[in-house]
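Visitor: A predicted structure for the sequence below; I have some questions about it.
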Amino acid sequence: MDLNLLFIAGGAAAIGFYMAWSIGANDVANSMATAVGAKAITFKQAVLIAGILNFAGAILLGPHVAGTIKGDIVKGSIIADPHTLLLGFVASLLAAAIWVTLSTWKELPISTTHSVIGSLIGFGIIAGGISSIDWSVMGRVASSWVLSPVVGCIIAFFVFKVIVKTIFAKDEPVKAAKIVGPLTIGVTAFLIVSSLFLKTKLSEMSGVSDLSHVLLISTVISAIACIIAMFLLRNIEAKSVEDYATVEGIFRKLQVVTSCYVAFSHGANDVANAIAPVAAIIPLANGEMSLTAGIPTELLAIGGIGIAFGCMTWGRRVMRTVGGRITRLTNTRGFSVDFAAATTVLVASKLGLPISTSHTVVGAVIGVGLARGLEAVDLSVIRKIVVSWLLTVPVAAATSAVIFICLRVIVG
Amino acid sequence: MEDKGNHFRVPVADTYRRKSPFGQLLDHMEKVKKCIDILGDGLINYYKGNYTGFSELAKNVSKIEHEADIIKRNLRNHLPSSLFMPVDKGKFMWALREQDAILDHAENLANMLDMRHTEIPKKLQDVFIEHAKIVMETVEAMQDTVENIRDLIETSFVKREREQTKQLIYKVHEYEWKADQKKFEMTKGIYKLEKKLDPMDVYHLLKIADWVDDIADHAENVADWIRAMIAK
């Protein structure tokens, strides 16, 4: 291997790690801030749990999304030269990382997913013209950006409605919460476990790939989770019929579980942003043309460690501000938001769709608001989201194009 | 953004307000409570012919009214059209407006009473005091209604809480009706004594009866707007 190329591969991995770190530091707030704000867990516990679960999500479920970002958007068949592709991926990664850092510094609301895809498009257009981009894949990706907040909104709406109908509307809300709460934990456990065993590395290793097997394992584990939750909540008694504080208290405990769910899904979905371009660079550095090859576990581990490291180092800092702001979201609401966002992100990851975790969370908050669950929801954030869609992709594309041209001039 | 150390890129936290409109409505109601409490005691002393400290009381009422005005203005100015609330924003504003009207009337009443110390005829004293007490009770019932908003929001307006609020509103109506009956009694009493009393006294007594009763009317209006707010 050429020393120069080795250097590039190493550098790319470093940039990928850096990008993963910034993703971890920023987005950990999405998953844990509600739980910390509600004082269900401490900062230290939150960053530790978030770090571990992000890592687990990245390793176990990461490959699906990474595949889409890496191979499908830029057509390898049109840009046939490995050298050009290599430079392109380096440029894309660098552009995305720079844009994320810049916007983090300027506190602009952007999505790491969008910036990675934007920068890939930028380089693709310069290197191979408009036709080198697979616009149908791009269309699918773009539609998922719109769909993810909408789906998050719809799920959150119904989850909250279910909580209202099955708990608050009942004659004894606390008693109802003691039954409904563990059941929702069971559902959460079912979703996580079944996602773990459907077409993942874990299912290959354990040899469980049959759908009926997966369903059986998931059901058993969710039943166990359900029973454990019921056992833990057994001593809670209502002080009066209108003892809503106790209902919230029960959900404060349950919310820890859904926060973990968000952290896990986030790792699964967002590790691809940092790792997919690196995964494309490594084989190219060897002179191979293998855009469709799988993503090595070591790279996912680097990304996972990066995100976990980001959570643990700077996540605390981010969360302190957000956690304080977020307290208005009571536990039942936070639970609905977490559950909806995590489910949306997890399903999208399974389908290989790169979506924005943060935008899904915003969608979920609006969903709870529409279900008359929040005192006031500021719908003007929707405008901010749209602006961030319109802004991030072109800016990242332009930056990536410029870096690509520079690299081509320098490296030759 | 005001916080420099905040690296949160997506405005999740901006989606919901830190200071909720309902919280501010309840803050405003606290002012009403405080104001009506001191005015109620002062009014009964005044009716009994004890005017000591009434000037301070009037000043105090004005001060509270001003504090409440700041809350009201703040609430009004920070309710953009993009803000989505679980109740009709117009009805919410009307409830706030009526709640504020209670304070406006309290202020006007306290200052008018302070400008001219009108002696209440011995025969009418009891009716006047009873009326004042009923008006206070109307306002207290209204306060209970407004405070129940907390539970309504927490449960996302379930039937049980809506029914409870309706019961509280019904109580406000009842007290207001009683206050009206007392006011007619008072007015009748004043007209009966019109030959014996100084015309200026008659004018003021009628005015006091009207203005005190206005407080109950506005308390009822607050309850009515809350009724409209929770209607499905």
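Guide: That came in fine, so what should we check first?
Visitor: only C-alpha atoms for contact and neighbour calcs from this point on.
Guide: Noted.
Visitor: For the helix or strand harbouring A:Ala9, give the mean pLDDT please.
Guide: For A:Ala9, the host element (DSSP states H and E) is helix A:3-37. For helix A:3-37, the mean per-residue pLDDT is 77.
Visitor: again, but for stretch A:264-271
Guide: So the average pLDDT for stretch A:264-271 ends up being 84.
Visitor: Could you point out the helix or strand that follows the helix holding A:Ala9?
Guide: Heading C-terminal from helix A:3-37 (DSSP H and E), you reach helix A:43-61.
Visitor: So the spatially most central residue of chain B versus chain A, what's the distance?
Guide: By Cα atoms, centre = their mean, chain B has its centre lying nearest to B:Ile102, at 3.7 Å. Remark: distance between B:Ile102 and chain A (Cα to the nearest Cα, to the nearest Å) = 25 Å.
Visitor: Just to check, that residue is in contact with B:Ile215?
Guide: Yes - contact criterion Cα atoms under 8 Å: B:Ile102 and B:Ile215 qualify, at 5.3 Å.
Visitor: what's the offset of the longest helix along chain B from the middle of its chain?
Guide: Counting residues, the longest helix found in chain B (DSSP state H) is helix B:159-192. Taking Cα atoms, centre = their mean, to the nearest Å, one finds helix B:159-192 lying 14 Å from the centre of the chain it belongs to.
Visitor: need the next SSE after that helix, C-terminal direction.
Guide: Tracing the chain C-terminally past helix B:159-192 and defining elements by DSSP H and E, one meets helix B:199-230 next.
Visitor: what angle separates that next one from helix B:159-192?
Guide: 170 degrees (axes from the mean of the first three to the mean of the last three Cα atoms, to 10 degrees).
Visitor: How far does helix B:199-230 sit from its chain's centre?
Guide: Offset of helix B:199-230 from its chain centre (Cα atoms, centre = their mean): 10 Å.
Visitor: so for it, what's the average pLDDT?
Guide: 95.
Visitor: Paired strands for the helix or strand of chain B with the lowest mean pLDDT, with orientation please.
Guide: Every helix and strand of chain B was ranked by mean pLDDT, DSSP states H and E. The lowest is strand B:83-84, at a mean of 83. Strand B:83-84 sits in its sheet next to strand A:377-378 (antiparallel), going by DSSP bridges.
Visitor: now whichever helix or strand comes after the strand it pairs with and helix A:3-37, what's the angle there?
Guide: Using DSSP H and E, the helix or strand that follows strand A:377-378 in sequence is helix A:380-411. Relative orientation of helix A:380-411 versus helix A:3-37 (the same axes, to 10 degrees): 160 degrees.
Visitor: elements contacting helix A:380-411?
Guide: Counting contacts by 3 or more Cα pairs under 8 Å, 6 or more residues apart in numbering or on different chains; DSSP states H and E, helix A:380-411 is packed against helix A:82-106, helix A:112-128.
Visitor: low-confidence ranges in chain B?
Guide: Within chain B, the ranges that satisfy pLDDT under 70 run B:1-19.
Visitor: repeat that for 80
Guide: B:1-20, B:78, B:80, B:232 (pLDDT under 80).
Visitor: go on, the stretch 51-200 of chain A?
Guide: A:61-83, A:86, A:100-112, A:132, A:137, A:140-141, A:144-145, A:198-200.
Visitor: now do 90
Guide: A:51-149, A:171-172, A:175, A:185, A:188-189, A:191-200 (pLDDT under 90).
Visitor: thought B:Leu168 was touching B:Ala141?
Guide: Yes - B:Leu168 lies in contact with B:Ala141 (Cα under 8 Å); the separation is 6.7 Å.
Visitor: between those two, who's got more neighbours?
Guide: Set B:Leu168 next to B:Ala141 and count neighbours by other Cα atoms under 10 Å in any protein chain shown: B:Ala141 wins out with 24 against 20.
Visitor: Pretty sure the more buried one sits against B:Tyr170.
Guide: No - with contact defined as Cα under 8 Å, B:Ala141 does not count as touching B:Tyr170 (9.3 Å).
Visitor: Tell me which residues of the next helix or strand after the least confident helix or strand of chain B come out buried.
Guide: Toward the C-terminus, strand B:83-84 is succeeded by helix B:89-115 as the next helix or strand (DSSP H and E). Using 16 or more other Cα atoms under 10 Å in any protein chain shown as the test for burial, helix B:89-115 gives B:89, B:91-107, B:109-114.
Visitor: and stretch B:158-171, is it in reach of chain A?
Guide: Yes - for stretch B:158-171 and chain A, the contact criterion (Cα under 8 Å from any Cα of the partner chain) is met by B:158-160.
Visitor: Quick one, which of the residues you listed are buried?
Guide: B:158, B:160.
Visitor: Redo the residues of stretch B:158-171 next to chain A as JSON lines? Include distance to A:Glu375.
Guide: Shown next, in JSON lines, are the residues of stretch B:158-171 next to chain A (distance: Cα to Cα, whole Å):
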{"residue": "B:Val158", "distance to A:Glu375": "15"}
{"residue": "B:Lys159", "distance to A:Glu375": "18"}
{"residue": "B:Arg160", "distance to A:Glu375": "19"}
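Visitor: Am I right that B:Ile70 is in a helix?
Guide: Yes - applying DSSP: H, G, I helix; E, B strand; the rest coil, one finds B:Ile70 inside a helix.
Visitor: do you know how far it is from B:Ile64?
Guide: B:Ile70 is 10 Å from B:Ile64, where distance means Cα to Cα, to the nearest Å.
Visitor: give me the low-pLDDT residue ranges for the stretch 201-350 of chain A?
Guide: A:201-218, A:228-245, A:248-331, A:333-335, A:337-338, A:341-342, A:345-350.
Visitor: what ranges do the strands span in it?
Guide: With DSSP state E, counting those that start in this stretch as the criterion, the stretch 201-350 of chain A has no strands.
Visitor: Which residues lie in contact with the residue lying closest to A:Ser22 once chain neighbours are set aside in this structure?
Guide: Nearest residue to A:Ser22 in three dimensions, chain neighbours excluded: A:Gly310, at 6.0 Å (Cα to Cα, 6 or more residues apart in numbering or on different chains). The contact partners of A:Gly310, taken as Cα atoms under 8 Å, 6 or more residues apart in numbering or on different chains, are A:20-26, A:51.
Visitor: wait, which of these is closest to chain B?
Guide: Of all the contacts of A:Gly310, A:Asn26 has the smallest distance to chain B: 5.8 Å, by Cα to the nearest Cα.
Visitor: pretty sure that closest one contacts A:Thr313?
Guide: No - A:Asn26 is beyond contact range of A:Thr313, at 10.7 Å (criterion: Cα under 8 Å).
Visitor: Could you measure from the closest residue to A:Gly304 other than its chain neighbours over to chain B?
Guide: Closest residue to A:Gly304 apart from its sequence neighbours, by Cα to Cα, 6+ apart: A:Phe55 at 4.2 Å. A:Phe55 sits 21 Å away from chain B, taking Cα to the nearest Cα as the criterion.
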